[in-house]
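Q: Mind looking at a prediction? Sequence and model below.
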Amino acid sequence: MRAFFVLHWTMMLAMLATPASSIRPMRHDAKLREEIRKQMAKHVGLHQAGKNLVSKWNWEALADIGRVHQIIFAQQQKDKQFSDVSCRKSFQAKKPNAGCTDVCKKAAGVKSKWGQGGTGPYADDIWKAYGCA
């Protein structure tokens, strides 16, 4: 523990002993300000482009796909045989059960809401895996 304090104070003294001439001042020139403006404008443009360009890490998008998974988990608790394979088979037999249609409705809603952005592609994967097409 004592060695830690000695090392800590040694580092603090070394930082304080650094000459002021070695510290670079921040650049506040017009070129830098213009570059920052361009970056900010690009971000605003992406935000205004709609949900097709929303990140998959968007909290609202994550909550929507989480609700799809909640339906899946609830159905698996009710019926241990519930899975994407069983749903595909039931849709192929033209006799889908209520759990499969619930998953399909929710996945389709998320898919239509987010399009190719957010969690839309994940919802599309679930929609296809459960045979909703």
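A: Received, thanks. Numbering: from 1, shown residues only.

Q: Specify the local secondary structure of Gly117.
A: Classification of Gly117 using DSSP: H, G, I helix; E, B strand; the rest coil returns coil.

Q: Burial check on it, number of neighbours?
A: Using other Cβ atoms under 10 Å, Gly117 has 19 other residues around it. For glycine as for every other residue, the C-beta is placed from the backbone atoms N, C-alpha and C.

Q: And for Ala74?
A: Close neighbours of Ala74, defined as other Cβ under 10 Å, add up to 13.

Q: Make 209 the starting number, not 1.
A: Okay, residue one is now 209; in that scheme the one you just asked about reads as Ala282.

Q: Distance of it relative to Arg296?
A: For Ala282, the distance to Arg296 equals 19 Å [Cβ to Cβ, to the nearest Å].

Q: Could you do Asp272 as well?
A: Asp272 is 23 Å from Arg296, by Cβ to Cβ.

Q: ok, those two, which is more surrounded?
A: Asp272 (22 against 18).

Q: where does Lys288 fall, phi/psi-wise?
A: phi -70, psi -20 (degrees, to the nearest 10).

Q: Distance of it relative to Asp333?
A: Applying Cβ to Cβ to Lys288 and Asp333 gives a distance of 23 Å.

Q: These two: which is more packed in?
A: Asp333 (13 against 7).

Q: Looking at per-residue confidence, what score does that one get?
A: For Asp333, the pLDDT comes out at 94.

Q: Great, nothing more from me.
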